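>>> Make a model of this:
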Amino acid sequence: MMDRQLWQEIRFRILARSPLSLLRRLTGTNLIIPYYHIVSDEEILHVKHLYQYKTTTEFKEDLDFLLKNYLPVGMPELLNHIKTGRPLPERVFLLTFDDGYREISDIVAPILLEKGISATFFVNSAFIDNKQLCYLNKASLIVEQFQKRWSSGLEDKLFGILHSNEIWFDDIKSGILSIRYQQRGLLDEIANVMNIDFGDYLLVNKPYLTSDQINKLIESGFTIGGHSIDHPVYPSLSLEDQLHQTIESVKFVREIFHLSYGVFAFPFSDHNISKEFFARLSYSGLIDLSFGTAGLIEDSAPNHLQRFSLEKPIDTAERIVAFQHARKLKKLITRSATKIRK
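Below is the predicted model:
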């Protein structure tokens, strides 16, 4: 007989291929909040080894699908809905982007303006104006250079650094990419061994948005939010550090860009973030709305909404959205469609 878990997975996959209109009715979901990081037709070395991203053609196809099935709303409409209870139109989407890469200004915003779609861009305060390079982007650059300049001597040196810091791995690439936020200084040590100049990369490539670019995005009708100071994994931080990363990043963008609102999106995820965190965040008075990455589910934390990726996996928006609705329906059946904070 077929394994019960396998049979359930097969039924779920079949359900995910049902018409979207049916899935929407079954889940009762009106608002969807998809997110991306970057869109480009080029090879972006500081992202290349972290995750895949969509081309401009794939991105435009995603947008055409969303516009065919949903109405775009902006952050002001969503904040008004949260504050006043005024209902949103039927079948709406809020588009969001994380990490504040330069391609938002160069590629994404012109496409969105052409199609009449608003979006919110969540930025890390430490990276604006290319003052610092995120440890994740450093890791991608190191992997790229290691693959280009491989030698047994270099591999031995990196092997020694990683093992002496108790980082276990199958190969050098996976070892470098597994370096945690708390160990990020190791990336600078490795860069020195390999003669990689991150400051020069920032100066030449300018991977992140500048203040001028952000101001122009705001003038064009887009909205800006905080995404932490320097992109840590939140469950690995103490409560005080979680609050510091969140409040300071939102405070920074509100003050620098003269924003009347405060919104925040968790880097990576909001998994295991406590009820106390959200209570103290609310008490700060700086943040009107926050966002996680758990998909189409509800959240017990007030004024906290969940999003889903349109990059992972690299697939059409139609399939990803249908999958997210099917996943929510499965959670509704198992009574796990609300994320409970403790």
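>>> mind showing which ranges of the chain have poor pLDDT?
The chain contains residues with pLDDT under 70 at 1-12.
>>> how is it carved up into domains?
20-131+208-339, 135-202 (automatic domain parsing).
>>> will you turn those domains into CSV that also has distance to residue 14 and mean neighbour count?
Backbone N, C-alpha and C define where each C-beta goes, glycine included. Output for the domains of the chain, formatted as CSV (distance: least, CB to CB, whole Å; neighbours: other CB atoms under 10 Å):
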stretch, distance to residue 14, mean neighbour count
domain 20-131+208-339, 9, 18
domain 135-202, 35, 15
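>>> export these to JSON lines and tack on distance to residue 13?
As requested, those are exported to JSON lines (distance: least, CB to CB, whole Å):
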{"stretch": "domain 20-131+208-339", "distance to residue 13": "8"}
{"stretch": "domain 135-202", "distance to residue 13": "29"}
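>>> which ones are touching residue 74?
Taking CB atoms under 8 Å, 6 or more residues apart in numbering, we find residue 74 in contact with 94, 118-120, 221, 223.
>>> Please identify which pair of the residues you listed lies farthest apart.
94 and 221 (13.7 Å; CB to CB).
>>> which neighbours do these two share?
74, 118.
>>> Using the three-state scheme, assign the nearest residue to residue 293 once chain neighbours are set aside.
Spatial nearest neighbour of residue 293, chain neighbours left out: residue 269 (4.9 Å); criterion: CB to CB, 6 or more residues apart in numbering. What DSSP: H, G, I helix; E, B strand; the rest coil gives for residue 269 is coil.
>>> from memory residue 269 sits against residue 292, does it?
Yes. Assessed by CB atoms under 8 Å, residue 269 is found in contact with residue 292 at 6.3 Å.
>>> And the strands in the chain?
31-32, 34-36, 71-72, 92-93, 96-98, 120-123, 223-226, 263-265, 289-292, 298-299, 304-306, 308-309, 338-339 (DSSP state E).
>>> Direction included, what does the fifth one pair against?
It stands for strand 96-98. strand 34-36 (parallel), strand 120-123 (parallel) (DSSP bridges).
>>> for the third one, same thing?
Each strand paired with strand 71-72, and its direction, by DSSP bridges: strand 92-93 (parallel).
>>> tell me how far the strand it pairs with is from the chain's mean position?
Mean-position distance between strand 92-93 and its chain equals 18 Å (CA atoms, centre = their mean, to the nearest Å).
>>> if we can go back for a sec, kindly reformat the strands of the chain as CSV containing distance to residue 109.
Formatted as CSV, those follow (distance: least, CB to CB, whole Å):
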stretch, distance to residue 109
strand 31-32, 21
strand 34-36, 13
strand 71-72, 14
strand 92-93, 17
strand 96-98, 10
strand 120-123, 9
strand 223-226, 12
strand 263-265, 18
strand 289-292, 20
strand 298-299, 29
strand 304-306, 23
strand 308-309, 20
strand 338-339, 32
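>>> Out of those strands, flag the one nearest residue 25.
Nearest to residue 25 among the strands of the chain is strand 31-32 (14.3 Å), distances taken as CB to CB.
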